[in-house]
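Asker: Quick check, what structure comes out for this input:
(2 chains)
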Amino acid sequence: MSRTFLGMPGIPHGTGDLGGEEPFPRSAARHLADHQMRANLAGATGTIRAKRASVVSELPDWEQLRESGRAVKEATMARLDEHLVELERRVTERGGTVHWARDATEANRIVTDLVRATGAEEVVKVKSMATQEIGLNEALEEAGVTAWETDLAELIVQLGDDRPSHILVPAIHRNRAEIRRIFLETMPGVDPGLTDDPRQLAMAARAYLRQRFLRARVAVSGANFAVAETGTLAVVESEGNGRMCLTLPDTLITVMGIEKTVPTWRDLEVFLQTLPRSSTGERMNPYTSTWTGVTPGDGPREFHLVLLDNGRTAALADPTGRQALHCIRCSACLNVCPVYERTGGHAYGSVYPGPIGAVLSPQLTGVAANPSLPYASTLCGACYEVCPVAIDIPSILVELRNQQVESGRKPSAERAAFGAVAQLMSRPRLWRSAQRLTRLGRLLARGRATLPAALPPPLSRWTRTRDLPAPPRETFTERWARERGDRA
Amino acid sequence: MTVDGRGAGMRVSLFATCVVDTMAPRAAWATARLLERLGQSVTVPAGQTCCGQMHVNSGYRGQAVRVVANHVRAFEGADAVVAPSGSCVASIRHQQAMVARRAGDEGLARAAEELASRTYELSQFLVDVLGVEDVGASYPHRVTYHPACHGARVLGLGDRQLRLLRAVRGLELVELPGADQCCGFGGTFALKNADTSAAMLSDKLASIVSTRAEVCTAGDASCLMHIGGGLSRLRAATGTVHLAEILAATDDAKEAAT
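Answerer: Okay, here's the model as predicted:
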């Protein structure tokens, strides 16, 4: 893509489960009060952070791998249209059927129709962010089809009538005791003597899921990668539930964001090294499944690939923001984010939480539909540091904030204040006068080192929990000019 | 670059930064004293105000252009610019030219790039340009150190500030648990997301208090104002002191500890 069509009319934004009703600061405040969730999350992210750091540090060429991943993604996005057409051609040649979905509604309709055509009343699912994004389970339910999640964490969320709070570990906000309670309350035929021993919990889920694998006729999956040159899809997982879903049923339907395409098998090499180390902190994930179309006598007899846009083309049009489409959904940025660690994933209101969610969600929906997420960061940069494809998340956040300001949707008082301060800061003499005015704060301090806590908003948002020092008697530049008379 | 103090006509222009100039002038005085003690000739260009970071990071990139233009004008012709802030230098090096370029001002972008290449955060200037780690400071206190995020991650300061602290006589350095965690300041984040900011700060404060240090130091006055505001609200025994003040302190001229 050599030209940029910024703000080009007619590129539709995404729909689906990509944003909450409540602005981030308000939902964050609510979730911050959940001390159990914060303790669970601090423990889990701390553990996974340490594991990742250890397996990343043992690779001497990590930085080169990271740069290769970034470069492959950038080059792929630049010619995504061609790669997608190639992918469609190869999948079709090998007996698969490709469907194009503009948004969540269209994708849900395509999948629902395909399931209905098989006559099945239930499907088994491989963990998939794309189907979470479009709200497929709910759409299937409306059509009378039950979707069974088979990933352990996804199952915990489904049984608990909960929402996922993490890209890789959707039930990261739950601890063992809570999971035991959910299983005891919702899992049919569960042993009433179930303890919170991880092995016991896993075995209970295994027995429960096994029945569903064996009777399922239709499976729905996402995909980590699609190799355009051969039309091959790839799913990377830890539990083996994916392998069951991808091989046992007669019909396999894969819903995949268009950005998951890579041109060649060689490109996969990089990501199969960086993804497991960044996500689960493993050198290699236990199961990597790849499949190409259909093979008579082996695996599903029918294969459908639903290519989902849902705002991705719009994101691709933004020269800074398009990097967010490089994401390989490893979650390393969530695990190191100090904001995510404290608010949890639900505060973000989107299926994509954390730093990557704060840039991806507003780009898929358009910033207008997700105005508070770009501000849900201190710009500390921990996310960029760990990203295995070097997505410069802080720069995208700043870019999205700028788009929000330029759209004219910021409160006029804020706009006026920033405008006035910029005027002062570009006129040194006026700026010195303004600095002198801050000294009025000394009157409020009445000789104390700090200002009183009861200040009007927006300062009260600071002084509610932190002291504000009284301004000094004289600024540095003022006293320097007086004492040293220096004029550069 | 050769640095030979006054004799060689090398002049260091001090960029105090808007936060230090207005709210923490002692850090700027300390920077000036320290540089002069190391034989540099220090000037303070009168036209300086701000690097523009607050505007850029709040989304007001368009408004930031004039602030960037003022900064470039104020420091025109400087041999080297030194600032007691990792965050402001990170903005000068990684944002100013972009701001100008996005506004279509290629001339300003080039000038900003050129100035950025001669702009240093204090520890960068001391370690990389002057080649000193022992600056002859004396500071007999128990100190813990918070590596502020922009200096650490955007500028890549590494252990420069720590190396400088380790060489200070009498200073007992205590490691800060979870040092690489952000304190929750984040500029307007502290106001826009006050509850999350406070949650991050309270964890940082607990770590600092656990060190039983007399002083928490860092290379950025803004983060220190945040941390210090929290410590003061807790009536904690630990205070905050800018890195420059510690490095400027000597036996002859005892600087106030807090």
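Asker: all helices for chain B, in order.
Answerer: B:18-23, B:25-37, B:53-57, B:61-74, B:86-94, B:96-102, B:106-116, B:122-124, B:149, B:160-166, B:189-192, B:194-210, B:221-233, B:243-248 (DSSP state H).
Asker: For those, could you give me TSV that also reports distance to chain A?
Answerer: C-betas here are computed from N, CA, C, even on glycine. Listed next are those as TSV, based on distance: least, CB to the nearest CB, whole Å:
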stretch	distance to chain A
helix B:18-23	5
helix B:25-37	4
helix B:53-57	6
helix B:61-74	4
helix B:86-94	9
helix B:96-102	8
helix B:106-116	12
helix B:122-124	14
helix B:149	4
helix B:160-166	17
helix B:189-192	5
helix B:194-210	4
helix B:221-233	3
helix B:243-248	12
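Asker: most remote residue from chain B's center?
Answerer: Distance from the centre of chain B peaks at B:Gly104, with 29.8 Å (CA atoms, centre = their mean).
Asker: could you check the distance from the most centrally placed residue in chain B over to chain A?
Answerer: Closest to where the C-alpha atoms of chain B average out (CA atoms, centre = their mean) is B:Ser85, at 1.6 Å. Distance, B:Ser85 to chain A, using CB to the nearest CB, to the nearest Å: 13 Å.
Asker: What of B:Thr211?
Answerer: Distance of B:Thr211 to chain A, computed by CB to the nearest CB: 19 Å.
Asker: isn't that residue right next to B:Thr144, touching?
Answerer: Yes: B:Thr211 is within contact range of B:Thr144, at 4.3 Å (criterion: CB atoms under 8 Å).
Asker: Mutual contacts of those two, please.
Answerer: B:Val174, B:Glu175, B:Leu176, B:Thr238 (CB atoms under 8 Å, 6 or more residues apart in numbering or on different chains).
Asker: Can you list the low-confidence ranges for chain B?
Answerer: Counting by pLDDT under 70, the ranges of chain B that qualify are B:1-10, B:253-258.
Asker: According to the record, where do the domains of it fall?
Answerer: Chain B breaks down by automatic domain parsing into domains covering B:5-129, B:142-248.
Asker: For stretch B:180-191, give me every contacting residue.
Answerer: A:338, A:375, A:377-380, A:382, A:458, A:461-462, A:466, B:53-54, B:57-58, B:146-149, B:152, B:193, B:196-201, B:203-204, B:207, B:222-223, B:225-227.
Asker: Pull out the buried residues from those residues.
Answerer: A:338, A:375, A:377-380, A:382, A:461-462, A:466, B:53-54, B:57-58, B:146-149, B:152, B:193, B:196-201, B:203-204, B:207, B:222-223, B:225-227 (16 or more other CB atoms under 10 Å in any protein chain shown).
Asker: do the helix or strand of chain A with the lowest mean pLDDT and chain B meet?
Answerer: Least confident element among the helices and strands of chain A, by mean pLDDT, DSSP states H and E: helix A:441-445 (a mean of 89). No: using CB under 8 Å from any CB of the partner chain, helix A:441-445 never reaches chain B; the gap is at least 9.8 Å.
Asker: and what of stretch A:372-391?
Answerer: Yes: counting by CB under 8 Å from any CB, chain B has neighbours in stretch A:372-391: A:Pro374, A:Tyr375, A:Ala376, A:Ser377, A:Thr378, A:Leu379, A:Cys380, A:Gly381, A:Ala382, A:Tyr384, A:Glu385.
Asker: Near whichever residue of chain B sits closest to chain A, how many other residues are there?
Answerer: Proximity of chain B to chain A (CB to the nearest CB) peaks at B:Gly186, 2.8 Å away. Number of residues near B:Gly186 (other CB atoms under 10 Å in any protein chain shown) recorded here: 26.
Asker: and what of A:Val336?
Answerer: By other CB under 10 Å, neighbour count at A:Val336 equals 26.
Asker: per-residue confidence at it?
Answerer: Note on A:Val336: pLDDT of 98.
Asker: give me every residue that touches the closest residue to it other than its chain neighbours.
Answerer: Leaving aside its chain neighbours, A:Val336 sits nearest to A:Ala382 (4.4 Å; criterion: CB to CB, 6 or more residues apart in numbering or on different chains). Residues near A:Ala382 by CB under 8 Å, 6+ apart: A:Cys333, A:Val336, A:Cys337, A:Pro338, B:Cys149, B:Arg153, B:Asp180, B:Cys182.
Asker: For A:Ile356, state which of these is nearest.
Answerer: When these are ranked by distance to A:Ile356 (CB to CB), A:Cys333 comes first, at 5.3 Å.
Asker: need the strands for the stretch 301-450 of chain A, in chain order.
Answerer: A:302-308 (DSSP state E, counting those that start in this stretch).
Asker: ok, A:Val111 touching A:Leu305?
Answerer: No: A:Val111 is beyond contact range of A:Leu305, at 11.2 Å (criterion: CB under 8 Å).
Asker: how far away is the residue in the stretch 251-400 of chain A positioned nearest to chain B from B:Lys204?
Answerer: Here the stretch 251-400 of chain A gets closest to chain B at one residue, A:Thr378, 2.8 Å apart by CB to the nearest CB. Distance of A:Thr378 to B:Lys204, given as CB to CB, to the nearest Å: 12 Å.
Asker: quick one: the residue of the stretch 251-400 of chain A closest to chain B and A:Cys337 touch, right?
Answerer: No: using CB under 8 Å, A:Thr378 makes no contact with A:Cys337, being 9.5 Å away.
Asker: quick one on the thing from earlier: of the shared contacts of B:Thr211 and B:Thr144, which belong to strands?
Answerer: Taking DSSP state E, the ones among the shared contacts of B:Thr211 and B:Thr144 that sit in strands are B:Val174.
Asker: In a markdown table: the shared contacts of B:Thr211 and B:Thr144, plus neighbour count.
Answerer: Listed next are these as a markdown table, based on neighbours: other CB atoms under 10 Å in any protein chain shown:
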| residue | neighbour count |
| --- | --- |
| B:Val174 | 17 |
| B:Glu175 | 11 |
| B:Leu176 | 22 |
| B:Thr238 | 22 |
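Asker: Output the shared contacts of B:Thr211 and B:Thr144 in TSV; the columns should cover distance to B:Arg37.
Answerer: Formatted as TSV, the shared contacts of B:Thr211 and B:Thr144 follow (distance: CB to CB, whole Å):
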residue	distance to B:Arg37
B:Val174	26
B:Glu175	28
B:Leu176	28
B:Thr238	27
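Asker: Just flag the most distant two among the shared contacts of B:Thr211 and B:Thr144.
Answerer: Greatest spatial distance among these (CB to CB): B:Glu175 and B:Thr238, at 14.5 Å.
Asker: coming back round to it: buried stuff in the least confident helix or strand of chain A?
Answerer: Using 16+ other CB under 10 Å as the test for burial, helix A:441-445 gives A:Gly441.
Asker: Ok, stretch A:347-359 next?
Answerer: Quick answer for stretch A:347-359 (16+ other CB under 10 Å): A:347-359.
Asker: How far does it stretch from one end to the other?
Answerer: Using CA to CA, to the nearest Å, the end-to-end distance of stretch A:347-359 comes to 15 Å.
Asker: Name the helix or strand for the residue in the stretch 51-200 of chain A positioned nearest to chain B, please.
Answerer: The stretch 51-200 of chain A approaches chain B most closely through A:Ala53 (10.8 Å), counting by CB to the nearest CB. Counting by DSSP states H and E, the element that carries A:Ala53 is helix A:35-57.
Asker: What average pLDDT does that helix get?
Answerer: 96.
Asker: ok now it, how far from the chain's centre?
Answerer: 17 Å (CA atoms, centre = their mean, to the nearest Å).
Asker: and if you look at stretch A:222-229?
Answerer: On CA atoms, centre = their mean, the centre of stretch A:222-229 falls 19 Å from that of its chain.
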